[in-house]
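Colleague: Let's see this in three dimensions:
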Amino acid sequence: MNDKIINYEEYIEKNGSLTYTNVGTSMMPLLRQGKDLFTVIKRNGERCKKGDVVLYKRPPNKYILHRIIEVRENDYVILGDNCINKEYGIKDIDIIGVMTSYVRNGKEHSIYDKSYRLYSFWTMKTMGIRIILKKFMARVKKFLKN
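Modeller: Take a look at the predicted model:
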């Protein structure tokens, strides 16, 4: 019996895709921790696009699923839908796969569904104001604690 544990990269390389549940709240409301699933597929060598949700590896061994908000010449700027801190310098070599679908309440939704495309468009267009509001609310909460 083969008990070798493989990482996400090896699994996707062997199987072409990975379906997994997310951990954390960084992609809410799209993905709820411990309730929803997401599927990522192996990249085909092309550059990712603005708006793609990608699974990438942050050293040493942390896997993150976030959205690309800017494509630059040599890297990407990435941000979780429920986050306020952008991550810079993510390179193509760091990206393991691109999300193609998610499962909510037992129903699979493709990234090509009209409802997902609308959600993604809205998320990208309102990102700046959401970051400002989240930072403001964090300051209000801090002020009220003191």
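Colleague: quick one, what contacts Tyr116?
Modeller: Shown in contact with Tyr116 (C-beta atoms under 8 Å, 6 or more residues apart in numbering): 109-110. No exception for glycine: its C-beta is placed from N, CA and C like everyone else's.
Colleague: What strand or helix carries it?
Modeller: In the assignment (DSSP states H and E), Tyr116 maps to helix 114-125.
Colleague: Now the element after that helix, going C-ward?
Modeller: helix 127-145.
Colleague: what's the angle from that next one to helix 114-125?
Modeller: Put simply, helix 127-145 runs at 70 degrees to helix 114-125, going by axes from the mean of the first three to the mean of the last three C-alpha atoms, to 10 degrees.
Colleague: Flag every buried residue along helix 127-145.
Modeller: For helix 127-145, a neighbour-count test (16 or more other C-beta atoms under 10 Å) marks 127, 130 as buried.
Colleague: ok, now stretch 95-110?
Modeller: In terms of neighbour count (16+ other C-beta under 10 Å), stretch 95-110 has its buried residues at 95-99, 101-103.
Colleague: now do stretch 69-83
Modeller: In terms of neighbour count (16+ other C-beta under 10 Å), stretch 69-83 has its buried residues at 69, 76, 78-83.
Colleague: Stretch 32-48 now?
Modeller: So, applying 16+ other C-beta under 10 Å, buried residues of stretch 32-48: 36, 38-43, 48.
Colleague: Next step: the residues you listed restricted to strands.
Modeller: Of the positions in these, 38-42 sit in strands, assigned by DSSP state E.
Colleague: can you name the two of those that are farthest apart?
Modeller: Farthest pair in these (C-beta to C-beta) is Phe38 and Lys42. Separation: 14.5 Å.
Colleague: Next one, pLDDT for Trp122 please.
Modeller: Trp122 carries a pLDDT value of 96.
Colleague: TSV for the buried residues of stretch 69-83, including distance to Lys114, pLDDT and secondary structure?
Modeller: Formatted as TSV, those follow (distance: C-beta to C-beta, whole Å; pLDDT from 0 to 100; DSSP: H, G, I helix; E, B strand; the rest coil):
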residue	distance to Lys114	pLDDT	secondary structure
Ile69	22	97	strand
Tyr76	26	98	strand
Ile78	25	98	strand
Leu79	24	97	strand
Gly80	23	96	coil
Asp81	18	96	coil
Asn82	23	95	coil
Cys83	25	95	coil
